[in-house]
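Asker: Predicted model, plus sequence, below.
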Amino acid sequence: MKLTSIQQKMLNGENGEAVRQSMEILIALGKIYGAKDMVPVTSAQIAGVSYKTIGEAGLEYLSDLVKNGAKVRVPTFLNPAGMDRDQWQKMKVPAEFAKKQILVLDAFAEMGITMSCTCTPYYIGIRPKLGEHVAWAESSAVSFCNSVLGARTNREGGPSALAAAICGFTPNYGYHLDEKRACKLLVEVKTPLKTNADFGALGAWAGPLAKNKNPAFTGLAKTAATEDKLKALGAGMAASGSVALFNAKGITPEWNVVEGAEKVVFTKEDLAATRRSLDSSDAPPQLIAIGCPHASLAEIEEVADKVKGKKLAHMLWVCTARETKQKADKAGYTSIIEAAGGLVVADTCMVVCPLKEMGFTCTATNSGKAGKYLASMQQQKVVYGDIDDIITR
Ligand code: F3S
C-alpha cells in the first residue's frame, strides 16, 4: 500500500507505540481488502463499548493502549454502552457490571474520546457531508452515514475504528470508492409505510435479499420517509442482512443504480407477514425498549405524548444520546415519561446491556433491528409493534 511520509513515520514508531500499532492494524486491513492507499477521516465512532460484549480481554486491550499513550486525532465518539453512566442504579443494572462498564468508559476517556455513547451521532451535530470520509462502526449509523448523508464509511470493527481515530486515516477500499456504492437490487415498495415499525419491517425483509447488493428503493413517500424513518429502515437492513448502504429515489442524495439491477416488490402482505414474524410473544412484555437506534427529540416527544397521564404496567426505557436527553429534559418530555413510570436513558443499548441478568425475558420494541437482536443476542421473547400497541399490551 502506498503510504505518505506522515503515515510512514507513524508506522516507524515516530509518533509512539500506540500509533505504530494502530498503523499496523490499518495496513493489515488495507492489504486484506486490496486498498491502494489511505484516506484521511474527519470523525470516528468506536464500537465494542459494552462490558457485556468486550469482557475482561477487551478491557485489558484498552488499558494497554492507554498505557502506550493512545490519543485520538480526530473527533471520536462511542457506540452505546450497557447502561446509563448516571442512571444505572435507577435502571437496576447490577453493581458489578456497572463497575466494569465505568472502567471501560474511563479508558476511552483517557484517549481523548468524547463521552457521547450513541448510535445516532447525526442527531447531536456529527453530520459528515456528501462525499466526506469517516470511520464509523455501528451498523445503523454506518447505513445512515452512507445512505442518508452520502458520506463514506466502511462498517468498521472496534479495533479498526479506534486505529483510524488514533492515526486519522483509514484504508481506501469498500464504501470509500465510487464503484462499491452502486446499487444492484431495486426494491419497489407497493404499500404505504407510516411508522418506525413499518420501516423497520421493510428493513428486516429487504436485508437478507440485499446483503452486499446495496438496495435502492422506489415508492417511498418523501413525506413519510423522514430521517427518523430512514434510520429505522437502515437499522433493520443492517441487522438482517449487514446492509451498509441504500438509496431511496428522490430522497437520498445519491441515486446510483446499475443497469439490469435485480428487481423485487414489497407488498402489503409482505409488510404484515414481516411484522408478524418479528413479534414472537403473546405474553405481556416486562420491558418496553424504544430508541433503537437512539431516539431523536421528536421520537421522545411522541412517546411523552402517548404516555402522558398514564401509569405504565411495565418498565419503559427510551434510549437516546446524552445531548438529546438534555433537550428532552428541558422540554419536559423526560418528566412526563418518568411520571408514567419510565426512564429516558442515555449511553445505553438495550441489546448490549445485561438484560438477562436483570431478570428480563420478554421485551417490547418498535425497532426492526432490536426485534432481531433482542431475540438472537439477548434470548428475549419479543413483542413487536407501533408505540401505541406496545405500551398498552
Ligand atoms: Fe443502537 Fe443498540 Fe440499536 S447500538 S441501533 S440501540 S442495537
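Answerer: That came through, no problem. Residues are numbered from 1 along each chain as shown.
Asker: what's the neighbour count on Val72?
Answerer: 22 (other CB atoms under 10 Å). Just so you know, the C-beta spots here come from the backbone N, C-alpha and C atoms, and that holds for glycine as well.
Asker: Find the nearest non-adjacent residue to it, please.
Answerer: Residue nearest to Val72 in three dimensions, not counting chain neighbours: Ala165, with 4.1 Å by CB to CB, 6 or more residues apart in numbering.
Asker: for Asp305, what are its contacts?
Answerer: For Asp305, no contacting residues are found, by CB atoms under 8 Å, 6 or more residues apart in numbering.
Asker: Show me what from the stretch 201-350 of the chain comes close to the ligand.
Answerer: The stretch 201-350 of the chain has residues Ala235, Cys292, Pro293, His294, Cys319, Cys349 near the ligand, with proximity defined as CB under 6 Å from any ligand atom.
Asker: re the thing from before, and the next helix or strand past the helix or strand where the residue nearest to Val72 lies?
Answerer: Using DSSP states H and E, Ala165 maps to helix 158-167. Following helix 158-167 in sequence order, the next helix or strand is strand 169-171 (DSSP H and E).
Asker: Just checking: what are the partner strands of the very next helix or strand once past that next one?
Answerer: Per DSSP H and E, the first helix or strand lying C-terminal to strand 169-171 is strand 183-189. Strand 183-189 pairs in its sheet with strand 215-218 (parallel), strand 257-266 (parallel), by DSSP bridges.
Asker: And the contacts of strand 183-189?
Answerer: 202, 206, 209-210, 213-220, 245-247, 256-258, 261-266.
Asker: quick revisit: the residues of the stretch 201-350 of the chain next to the ligand in strands, which ones?
Answerer: Counted as lying in strands by DSSP state E, out of these, are Cys292, Pro293, His294, Cys319.
Asker: And the first one, how far from Ser277?
Answerer: Going back to what we said before, that points to Cys292. For Cys292, the distance to Ser277 equals 18 Å [CB to CB, to the nearest Å].
Asker: which of the two has more neighbours?
Answerer: Cys292 (28 against 13).
Asker: So how do I select the buried members of the contacts of strand 183-189 in PyMOL?
Answerer: To isolate the buried members of those in PyMOL, using 16 or more other CB atoms under 10 Å:
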select buried, resi 202+206+209+210+213+214+215+216+217+218+220+245+246+247+257+261+266
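Asker: is it true that Val148 touches Thr252?
Answerer: Yes: with contact defined as CB atoms under 8 Å, Val148 reaches Thr252; the gap is 6.1 Å.
Asker: Could you name every residue contacting both of the two?
Answerer: By CB under 8 Å, 6+ apart, the residues touching both Val148 and Thr252 are Leu230.
Asker: What is the neighbour count of the nearest residue to Gly168 once chain neighbours are set aside?
Answerer: Nearest residue to Gly168, sequence neighbours excluded (CB to CB, 6+ apart): Arg73, at 4.1 Å. Using other CB under 10 Å, Arg73 has 18 neighbouring residues.
Asker: ok, Met1 - how many residues close by?
Answerer: 17.
Asker: my guess is it meets Tyr173, correct?
Answerer: No: using CB under 8 Å as the test, Met1 is too far from Tyr173 to be in contact (9.9 Å).
Asker: How about the contacts made by whichever residue of the stretch 1-150 of the chain sits closest to the ligand?
Answerer: Relative to the ligand, the nearest point of the stretch 1-150 of the chain is Cys119 (3.2 Å; CB to the nearest ligand atom). Counting by CB under 8 Å, 6+ apart, Cys119 touches Asn79, Pro80, Glu138, Ser140, Ala141, Cys292, Pro293, His294, Cys349.
Asker: And the residue nearest to the fifth one when sequence neighbours are not counted, how close does it get to Thr170?
Answerer: Which is Ala141. Closest residue to Ala141 apart from its sequence neighbours, by CB to CB, 6+ apart: Cys119 at 5.1 Å. Going from Cys119 to Thr170 by CB to CB gives 19 Å.
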